[in-house]
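> With the sequence up front, the predicted model follows.
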There are 2 protein chains.
Amino acid sequence: MTTITQRQWIYRQQPVGAITPEHYELVERTLDTALAEGEVLLESRWFSVDPYMRIGQSSKPTYDPDPHPLNTVQEGGVVAQILASRSPNFAPGDWVQSYTGWQTHAKAHSSTLKKLDPQAAPVTTALGVLGMPGRTAWFGLTESGKPHAGEVVVVSGAAGAVGSLVVQFAKRHGARVLGIAGGPAKCAWLKEKLGADWALDYKAFTSADALSAEIKALTGGVDVYFDNVGGMVTDAIIPIINRRARIVICGQISQYSGGLETAEMGPRLLQHMLYQRATIQGMLARDYLHRMDEMIRIVGPWVKSGDIVFEETVVEGFEQLPAALNSLFTGEHRGKLLVKA
Amino acid sequence: MTTITQRQWIYRQQPVGAITPEHYELVERTLDTALAEGEVLLESRWFSVDPYMRIGQSSKPTYDPDPHPLNTVQEGGVVAQILASRSPNFAPGDWVQSYTGWQTHAKAHSSTLKKLDPQAAPVTTALGVLGMPGRTAWFGLTESGKPHAGEVVVVSGAAGAVGSLVVQFAKRHGARVLGIAGGPAKCAWLKEKLGADWALDYKAFTSADALSAEIKALTGGVDVYFDNVGGMVTDAIIPIINRRARIVICGQISQYSGGLETAEMGPRLLQHMLYQRATIQGMLARDYLHRMDEMIRIVGPWVKSGDIVFEETVVEGFEQLPAALNSLFTGEHRGKLLVKA
């Protein structure tokens, strides 16, 4: 019997506030490498950390009825290479995308894997612009946001994996785009690299009213609000939406460190929806999984030509995974945050 | 020169909380009855009081950029009879619907009037089921709510002019309907006369969580929420929406006595929109004014046959108008509240 040493991050305890060391445990196991028919053995190369992981830790029903189970490997998207294969579809060395989570190695049935072509695009794009974040940005914007040329699109969390793509996709629709992010460095990047017409550092505003007044002064009013953040930024925007505005609820990261358990309080603003006959639409990437070809047809060439910025922030080391997840909510990363094994 | 005595309710001062005597003044004027070409002289018979009148009193922009002007006659829908006419389209005695507001008599250009046929339906229906409230109920439900047979439709303000129609329209779509209203008498009426499957008195619940649990226990979850009220009732429903639920924001009357000026605080719940990929859509009756024929084609025969309940609560006396408006938010009326001259 051949074995290898497998390391895993086990989800041990539900965090309510920030993620700290007691919530995850790094364990080392001996993995028997024998494969069943159709199985492959993977070695993980890149791990995705995504805000949705905090939703899965809510003890209340979310998009799934039950939270991520305790005492199991943290689920998540991975880019891996095949070490051994009993599938005719995969050979050692092949690159794949898997959903095998935070472990250095895994056995997986070949039917759960997507083969990646490293010549077509960098393999890490499978976790970013050509994967879940890209799908979220593209379909959230086109199916729920429906921007028109000349309209004002505001994006919260604009420097993140999804938001940074929404900014660029909205520009390509002919919209005028305002990105909201935390800190002047992200704001400079939004304007200089991503082509945002305006960028605002929400941390520079002490109230929703002040932020609202500044957005109104810059844009005149908001037609599409692509919201990754919720909370005070959303409070600032709802009162200044234009007639028939579309608000896309893609994420509410300001609520992920406690607000999903015990709701934060905020101003009641739904009257603006009827004033402006506006729409709020929640969306999830999973609903568009079977429409990826539509997006790849359009976005794939932009990735290949380099016409779109898909920046990655790389954290080195498997042992950094929980800290990297936490840094999504506090850190200075731009674009897609990845952990390299 | 022939003259008549005209009485008017003048809107004098912006109310923030409840309407009290200082906000309106009853004045008596002498009106010269001479008419220009195309004009008619009206005598008001029935006055509409509607929750939207409180939106127009907000000092902040609403669906109109400016509030109802002070020191002018309170605007509103009226059913009137022609006293004199210089229009070939109207003769003395004809019934019309006008938007001449809270005054006993008015001159109006014939192009601003809609002739009513008292044989086709009671003239007061022009202010109710066959007028603005009916249009709101019909298009709000069919265009934004989009109920399917077997789905659960919850209606807040269910005993009001709009809500009582939504309950019945939703039943005709094959939905299971829960009406929420204030007090056991309204709830009994919802079940016994309007055919609601369930009715709940929100005043019997001390928290949104308790109301939420009861609605969940009765219905299993909410597919369409037709909201006239906002506030605590909406807080109860958002966490128990079903996948792809549609929330129609038709009114937010719980906010009309101050909450439009200084936002009330309530729980942040937008994460449920993405959990369930749900939609919140604001709607206004005015957007469907030019589609009335579509509604009349379907609802008109139900009114004629008596298959639909369009109850009216009548307050006698022109001088009661401000008090009647206030009672919309506190009173025991059912269906459409009208003031008879």
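Cool, got the structure.

> contacts and neighbour counts: CA atoms only from here.
Noted.

> Poorly predicted segments of chain A, please.
By pLDDT under 70, chain A has no low-scoring segment.

> Per the annotation, how does it divide into domains?
As assigned by automatic domain parsing, chain A contains the domains A:3-128+A:310-340, A:132-286.

> check whether the first one contacts chain B.
Yes - for domain A:3-128+A:310-340, a contact with chain B is found by CA under 8 Å from any CA of the partner chain, at A:62-64.

> Of the domains of chain A, which stretch is the most buried?
Mean neighbour count (mean count of other CA atoms under 10 Å in any protein chain shown) peaks for domain A:132-286 among these, with a mean of 22.

> Tell me how far that domain lies from the chain's centre.
In terms of CA atoms, centre = their mean, to the nearest Å, the centre of domain A:132-286 is set 15 Å apart from its chain centre.

> tell me how far the longest helix belonging to chain A is from the chain's mean position?
What stands out as the longest helix in chain A, according to DSSP state H, is helix A:292-305. Here helix A:292-305 is found 18 Å from its chain centre; the criterion is CA atoms, centre = their mean.

> List of residues touching it?
Residues from elsewhere that reach helix A:292-305 (CA atoms under 8 Å, 6 or more residues apart in numbering or on different chains): A:120-121, A:129-130, A:135, A:138-139, A:308-310.

> Which pair of those spans the longest distance?
For the contacts of helix A:292-305, the farthest-apart pair by CA to CA is A:A120 and A:F139; their separation is 22.2 Å.

> any idea how far the residue lying closest to A:K193 once chain neighbours are set aside lies from A:G128?
Nearest non-adjacent residue to A:K193, counting by CA to CA, 6 or more residues apart in numbering or on different chains: A:V309, 7.5 Å away. Per CA to CA, to the nearest Å, A:V309 is found 11 Å from A:G128.

> How about the contacts made by A:Y275?
The contact partners of A:Y275, by CA under 8 Å, 6+ apart, come to A:243, B:62-64, B:282-284.

> try 6 Å this time
A:Y275 makes contact with B:62-63 under the criterion CA atoms under 6 Å, 6 or more residues apart in numbering or on different chains.

> Can I take it that it is in a helix?
Yes - applying DSSP: H, G, I helix; E, B strand; the rest coil, one finds A:Y275 inside a helix.

> correct me, but A:L113 touches A:S98?
Yes - between A:L113 and A:S98 there is a contact under CA atoms under 6 Å: 5.2 Å.

> that older thread, ok, the residues of domain A:3-128+A:310-340 next to chain B vs chain B, which is closest?
Among those, A:Y63 lies closest to chain B (CA to the nearest CA), at 4.2 Å.

> What sits closest to that closest one if chain neighbours are left out?
Per CA to CA, 6+ apart, closest to A:Y63 is B:Y275, 4.2 Å.

> returning to what we had before: could you report the separation of the residue nearest to A:K193 from A:T112?
According to CA to CA, A:V309 and A:T112 sit 29 Å apart.

> Could you point out the helix or strand that follows the one helix or strand A:I247 maps to?
A:I247 belongs to strand A:241-249 when elements are defined using DSSP states H and E. Beyond strand A:241-249 on the C-terminal side, the first helix or strand identified by DSSP H and E is strand A:265-267.

> Would you quantify the distance from A:L26 to A:L321?
Distance, A:L26 to A:L321, using CA to CA: 10 Å.

> Chain B contacts on the stretch 151-300 of chain A?
Contacts of the stretch 151-300 of chain A with chain B, taken as CA under 6 Å from any CA of the partner chain, map to A:263-268, A:273-275, A:277-283.
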